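S.K.: Sequence first, predicted model second:
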Amino acid sequence: MRLRKGLVALSIFTIMFIAAWQADSFNDRMIQMYNLDEEHENMGILEAPQQIQQLEPFRPREYIKIR
């Protein structure tokens, strides 16, 4: 019984691993085929405004004691 469970678990893991490998290679082919990587080369960095608003400091938490 343990051997059968182990083989089933191993086969499920192997099938999922192979499917993930195939999906990754498919995605790589599509990215290369349609040149989808180029749009990320021209992206700039969005900078925060120079003036930052002051926020009020955190207040301590209030705990309820149940007796």
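M.R.: Nice, I can see it.
S.K.: Please make it C-alpha for all contacts and neighbour counts, starting now.
M.R.: OK.
S.K.: Could you check how far residue 37 is from residue 2?
M.R.: 47 Å (CA to CA, to the nearest Å).
S.K.: Tell me which helix or strand residue 19 sits in.
M.R.: Assigned by DSSP states H and E, residue 19 belongs to helix 2-33.
S.K.: Average pLDDT for that helix, rounded please.
M.R.: Averaged across helix 2-33, pLDDT comes to 95.
S.K.: on that earlier part again, more neighbours, residue 37 and residue 2?
M.R.: Higher neighbour count among residue 37 and residue 2: residue 37, with 10 against 7, using other CA atoms under 10 Å.
S.K.: How about that one: what's its closest non-neighbour residue?
M.R.: Leaving aside its sequence neighbours, residue 37 sits nearest to residue 31 (CA to CA, 6 or more residues apart in numbering; 6.4 Å).
S.K.: and residue 62, backbone torsions?
M.R.: phi -110, psi 120 (degrees, to the nearest 10).
S.K.: distance of the residue nearest to residue 37 from residue 24?
M.R.: Separation of residue 31 from residue 24 (CA to CA): 11 Å.
S.K.: Same check on residue 57?
M.R.: From residue 57 to residue 24 the distance is 46 Å (CA to CA).
S.K.: More neighbours: these two, which one.
M.R.: Higher neighbour count among residue 57 and residue 24: residue 24, with 12 against 6, using other CA under 10 Å.
S.K.: quick one: residue 62 from residue 34, how far?
M.R.: 56 Å.
S.K.: Now for residue 31, how many residues are close by?
M.R.: 13.
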